[in-house]
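> turn this into a structure:
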Amino acid sequence: MPSLISLSGLHKSYFNDEVETAVLHGIDLEIDTGEFIAIMGPSGSGKSTLMHILGFLDRPTAGTYTFLGENTAGKNDDDLAAIRATKVSFVFQAFHLLPRATVLENVLLPLLYHPGIASIDREKYARKAIASVGLSDRAGFLSSQLSGGQKQRVAIARALVTEPALIFADEPTGNLDSASGLQVMEVLEKLNAAGHTIILVTHERTTAEFADRIVHIKDGLIESDTSSHKRRKAGADVKLK
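Below is the predicted model:
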C-alpha cells in the first residue's frame, strides 16, 4: 500500500516585489494511514507553511507531493477544493464556530458542501460525530453556551463529520487552560486509536507527546523525526465532561 502522504524534495518560497523568501528547503517525509504525527518547531520554522501545503491550502514551489497514491501537481483549484471538502479536515486554535448556531448546526455545516453525503443522511452523520467527542447531551446548545474545551470538541466533531482521510489539528490547545487542553488531546488520541490519521502542529512538547511520532522543523528543514514516548496507552478510557 502506498503511503497516505509522500513528500520528496518539497520547497516553498514566497515572492514579493521580485524578492524571494524561501521557507521550506527540500522536505522529504512519509506519513502512513492511521498515524498520529506531531510537527513541532519555533515560530518561523516553516511548520505552518508545511501544514498548509499538506492540507491543500497552498502549493509547493518545487518538489513532489503525493496524496493517496496520486501526484498532486496536476490538480487544479477545483480538484483541490474537492479534496478539502471530502478528504481532509482542520481543527484550528480559534474554534471558528457560529456563536448563534447550535452544536448540531455547527457540525452539519461541512456536509452542505459534501457531494457524497445525501441531505437525508446529514443529521445522522452529525450526531455520530458529536457522540464521538462526548457531547451528545449538548447537541441542542448554542456554541456560545459552551466552555472553551467543549467548543474545541465541537470543532473536532465538525472536522470528523465528513469522515476524512486526514485530520489536521493546528495548535488545538492554544486557547485552552491546561485541563481543557488535556481533554481535547485525549479526544484526539482516542480518535487515532479508532483509526483516524491525525497531523498535529504545535510548539508545546507536552502536547506533541500525545502523538506516536514527532517531526521537528527548523529553518525550513526536518531536524529530527522520532518516535515519542506516549503519555498514556492508546485507546485508554477517556472521561469527558
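> distance of the residue nearest to residue 111 when sequence neighbours are not counted from residue 86?
Of all residues not flanking residue 111 in the chain, residue 122 sits nearest, at 4.4 Å (CB to CB, 6 or more residues apart in numbering). (Glycine included, C-beta is placed from N, CA and C.) Distance of residue 122 to residue 86, computed by CB to CB, to the nearest Å: 14 Å.
> in this structure, which spans are strands?
5-16, 19-31, 36-40, 62-67, 70-71, 88-91, 166-170, 198-202, 213-218, 221-227 (DSSP state E).
> redo those as TSV? Include mean neighbour count and mean pLDDT.
TSV is the format used below for the strands of the chain (neighbours: other CB atoms under 10 Å; pLDDT from 0 to 100):
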stretch	mean neighbour count	mean pLDDT
strand 5-16	16	95
strand 19-31	15	95
strand 36-40	24	95
strand 62-67	17	96
strand 70-71	12	93
strand 88-91	22	93
strand 166-170	23	94
strand 198-202	25	94
strand 213-218	19	95
strand 221-227	13	92
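> count the neighbours of the residue nearest to residue 111 for me.
18 (other CB atoms under 10 Å).
> the one 10 residues further on now?
Here the neighbour count serves as a burial measure; for residue 132 (other CB under 10 Å) it reads 19.
> so residue 61 makes contact with residue 9?
No: contact criterion CB atoms under 8 Å: residue 61 and residue 9 do not qualify, at 10.8 Å.
> quick check: the nearest residue to residue 109 once chain neighbours are set aside vs residue 103, distance?
Nearest non-adjacent residue to residue 109, counting by CB to CB, 6+ apart: residue 158, 6.6 Å away. Noted for residue 158: a distance of 9 Å to residue 103, by CB to CB.
> now the strands of the chain in TSV, with distance to residue 152?
Formatted as TSV, the strands of the chain follow (distance: least, CB to CB, whole Å):
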stretch	distance to residue 152
strand 5-16	24
strand 19-31	23
strand 36-40	17
strand 62-67	26
strand 70-71	32
strand 88-91	7
strand 166-170	9
strand 198-202	13
strand 213-218	21
strand 221-227	26
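> quick check: which of those strands is nearest to residue 130?
strand 88-91 (14.6 Å; CB to CB).
> CA atoms of that closest one as PDB?
The C-alpha trace of strand 88-91 is given here as PDB (Å, rounded to 0.1, in the frame of the first residue of the first chain):
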ATOM      1  CA  VAL A  88      -9.100  16.400   4.800                       C
ATOM      2  CA  SER A  89     -10.400  18.400   7.700                       C
ATOM      3  CA  PHE A  90      -9.000  21.100  10.000                       C
ATOM      4  CA  VAL A  91      -9.200  21.900  13.700                       C
END
